[in-house]
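> Need coordinates for the following:
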Amino acid sequence: MLYQLSVPEAAREVLASNNVYMQSLRMGIANYTALAQRIKPDVEKLTGARANLNTIVVAIKRFADTLEEEQSPSMSSKARMSLTGSVIDVDFQKEPLAELFSIFDEFFEQEGRYNVFQTDKHFTLLAEDADEIRKFVAGALEKFDGRIEEGLSKITVSLSPDEGESYHLLSIISSILYNHRIPVHSVFFTPAEMVLILNEKHAARAYDLIRREMA
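A predicted model of the protein is given here:
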């Protein structure tokens, strides 16, 4: 006689084999009743019997709770974060880097917190809003096509050397921002950290929500 799965076992198997279901559960956006109705035929196929919808809903809720418990520990053990206010975003179109860097050389030699990101088409400098950086930026804007955006804050989250943990951390933070409808100005990654740039009015709330997940 073939072993038939129980309803909770069947529900877990169906959910775990579908990336869309798993993502919706991890992000906390799944409607358990609607999801139960959707997977009910598959659950019944695996159990070999009719299944009660409420039983499937309970199985989904318990499975989601398990996913939440698995996610939380990695945040506290693998990541650290900081919040910096009064940040400006200086963005330049693709320019001859040697010429552009010559303007900022003196600034880069100074101690202080700043981030530089370069893509094929843009050069972005994130720095605390201060008179000295404004002077360098003004000089650069006179010669190159660029823009400056102020009124921003920066959340820096350290990343684990473990690539899998880094992707997991990204998923958790993305879920927090999505679930709470917090707009993001820009996001940058390096092997060592994730840098979130937000409007100042949203940054403190985002920082608190992420910090609580890491506690």
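
> Following the chain onward from the helix or strand hosting Gly139, which element is next?
In the assignment (DSSP states H and E), Gly139 maps to helix 131-143. As assigned by DSSP H and E, the chain's next helix or strand after helix 131-143 is strand 146-158.

> Domains in this structure, by residue range?
Listed by automatic domain parsing, the domain ranges of the chain are 7-72, 79-214.

> Export those domains to a markdown table and append columns for mean neighbour count and mean pLDDT.
In this view, the C-beta of every residue, glycine as well, is placed from N, C-alpha and C. What follows is these, written out as a markdown table (neighbours: other Cβ atoms under 10 Å; pLDDT from 0 to 100):
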| stretch | mean neighbour count | mean pLDDT |
| --- | --- | --- |
| domain 7-72 | 16 | 85 |
| domain 79-214 | 15 | 78 |
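
> Using PDB, write out every CA atom in stretch 189-201.
What follows is stretch 189-201, C-alpha atoms only, in PDB (Å, rounded to 0.1, in the frame of the first residue of the first chain):
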ATOM      1  CA  PHE A 189      25.500  46.800  -3.400                       C
ATOM      2  CA  THR A 190      29.100  46.000  -2.800                       C
ATOM      3  CA  PRO A 191      30.600  42.700  -1.600                       C
ATOM      4  CA  ALA A 192      30.600  44.100   1.900                       C
ATOM      5  CA  GLU A 193      27.400  46.100   2.200                       C
ATOM      6  CA  MET A 194      24.000  47.200   1.000                       C
ATOM      7  CA  VAL A 195      23.300  50.900   0.800                       C
ATOM      8  CA  LEU A 196      19.700  52.100   0.800                       C
ATOM      9  CA  ILE A 197      19.000  55.700  -0.100                       C
ATOM     10  CA  LEU A 198      15.700  57.100   1.000                       C
ATOM     11  CA  ASN A 199      13.900  60.400   1.500                       C
ATOM     12  CA  GLU A 200      14.700  61.700   5.000                       C
ATOM     13  CA  LYS A 201      11.000  61.500   5.900                       C
END
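
> Work out the gap between that stretch and the centre of the chain.
9 Å (Cα atoms, centre = their mean, to the nearest Å).

> any idea whether the nearest residue to Leu53 once chain neighbours are set aside is helix, strand or coil?
The shortest distance from Leu53 to any non-neighbouring residue, by Cβ to Cβ, 6 or more residues apart in numbering, is to Ala36 (5.5 Å). Three-state call for Ala36 (DSSP: H, G, I helix; E, B strand; the rest coil): helix.
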